[in-house]
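Peer 1: Next one to model:
(one chain, ligands or ions: 1)
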Amino acid sequence: MGIGEVIRAAGVGEVVASRCDAYAVGDVVTTLSGFQEYSIVKDDLFTTVIPGVVDQLAMLSVYGSTGATAYFGMTDIGQPQAGETVVVSAAAGATGSLAGQIAKIAGAHVVGIAGGPEKCRVVVEDFGFDSCIDYQAGDLKAALKEHCPKRVDVYFDNVGGPILDAVLGRLAQKARVALCGVISSYLTGDHPGPANYVNLLAKSARMQGFNTLDQWGRFEEAFGHLKQWEAEGRLVHREQVFEGVASSVDALNGLFTGANIGKTVVKVGEPTPA
Ligand SMILES: NC(=O)c1ccc[n+]([C@@H]2O[C@H](COP(=O)([O-])OP(=O)(O)OC[C@H]3O[C@@H](n4cnc5c(N)ncnc54)[C@H](OP(=O)(O)O)[C@@H]3O)[C@@H](O)[C@H]2O)c1
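Peer 2: Model (predicted):
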């Protein structure tokens with residue numbers, strides 16, 4: 001990253017000055033703001049006015065690209081069926097916590113994978129998963145066998161690496177694997193191949209990656225379902241808020257050290273007083 005470049009991030013902000021008809025001063029918009037207090041945005045499909053009273057935190061998590069990622073990855077690729085076993089990694093995180101709940105709503109038996117006993121407790125007690133494996137506690141292969149006695153029909157993968165490999169080793173016949181992210185190797189850039197990919201062949205299974213932004217035109221469909229599920233009390237979301245631009249370093253690092261539960265949000269400015 002060069003001097004003057006801005007770290008990319010989705011944001012919610014208030015319009016304080018406008019030279020285009022699409023946005024009036026005082027409008028609240030979702031946009032690709034980056035980590036900055038003021039940003040100049042164009043009238044394009046990535047900048048959307050939010051009408052009415054706005055829960056800004058929810059707009060950044062469950063009704064933002066995070067909710068859409070969980071929705072499209074789970075429903076389009078995972079396609080969980082009632083009674084099937086679904087596994088979700090980074091299950092206490094922003095995307096994973098929602099993805100697992102969407103699978104529960106579909107009637108599946110949902111098993112999370114997360115780092116540490118406290119996160120596993122939150123995944124089960126707060127996010128309503130059926131159980132959760134602490135991958136830091138030891139033998140993941142044995143734990144998957146114990147938690148998924150009927151093998152794994154759907155795997156929503158946020159992490160890649162050894163966890164992906166272990167779950168591939170436990171796939172059921174005609175399983176679906178949704179490749180959402182590979183956070184275990186973003187810092188190194190070294191993506192080890194999963195030896196257990198041969199199970200895709202042996203189990204007639206499918207593994208598919210996806211980019212949520214490809215589905216931008218379908219976001220209303222996603223938010224329609226997510227809003228309904230939340231209103232019915234079947235979908236909960238959590239956000240962890242950091243204060244100030246300077247805190248963005250800790251906020252970002254927390255995604256890699258696993259410090260976060262739910263969506264990480266950095267508050268970089270105060271709303272303009274009415
Ligand atoms: N495909 C798409 O369009 C799309 C869109 C948005 C995000 N994503 C991807 O979705 C994934 C989740 O993103 P998010 O924003 O929701 O983050 P998040 O899950 O809230 O936070 C990341 C979590 O990853 C886990 N983690 C970090 N390093 C790990 C490692 N070496 N091994 C195992 N787990 C590790 C940590 O949880 P533990 O403490 O449990 O380890 C951490 O809390 C990322 O891979 C991201 O790139 C994809």
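
Peer 1: Number of residues surrounding the residue lying closest to residue 150 once chain neighbours are set aside?
Peer 2: Closest residue to residue 150 in three dimensions, ignoring its sequence neighbours and counting by Cβ to Cβ, 6 or more residues apart in numbering: residue 85, at 5.6 Å. Heads up, the C-betas are built off the backbone N, CA and C, glycines and all. Counted with other Cβ atoms under 10 Å, residues neighbouring residue 85 total 24.

Peer 1: low-scoring pLDDT stretches of the chain, where are they?
Peer 2: By pLDDT under 70, the low-scoring segments of the chain are 1-4, 53, 271-274.

Peer 1: how about whichever residue of the stretch 151-274 of the chain sits closest to the ligand, what does it touch?
Peer 2: The nearest approach of the stretch 151-274 of the chain to the ligand comes at residue 181, 1.9 Å away (Cβ to the nearest ligand atom). Neighbour list for residue 181: 90, 95, 157, 158, 159, 160 [criterion: Cβ atoms under 8 Å, 6 or more residues apart in numbering].

Peer 1: Hmm, residue 186 and the last one touching each other?
Peer 2: This points to residue 160. No - with contact defined as Cβ atoms under 8 Å, residue 160 and residue 186 do not form a contacting pair (9.0 Å).

Peer 1: out of these two, which sits in the more crowded spot?
Peer 2: Legend: neighbour count by other Cβ under 10 Å for residue 160 and residue 186, higher for residue 160 (20 against 13).

Peer 1: quick one, what contacts the most centrally placed residue in the chain?
Peer 2: For the chain, residue 95 is the residue whose C-alpha lies nearest the centre (Cα atoms, centre = their mean; 1.6 Å). Residues near residue 95 by Cβ under 8 Å, 6+ apart: 66, 69, 70, 73, 158, 180, 181.

Peer 1: likewise residue 223?
Peer 2: When contacts are counted by Cβ under 8 Å, 6+ apart, residue 223 touches 63, 67, 68.

Peer 1: swap the cut-off to 6 Å and go again
Peer 2: Residue 223 sits next to residue 63 when contact means Cβ atoms under 6 Å, 6 or more residues apart in numbering.
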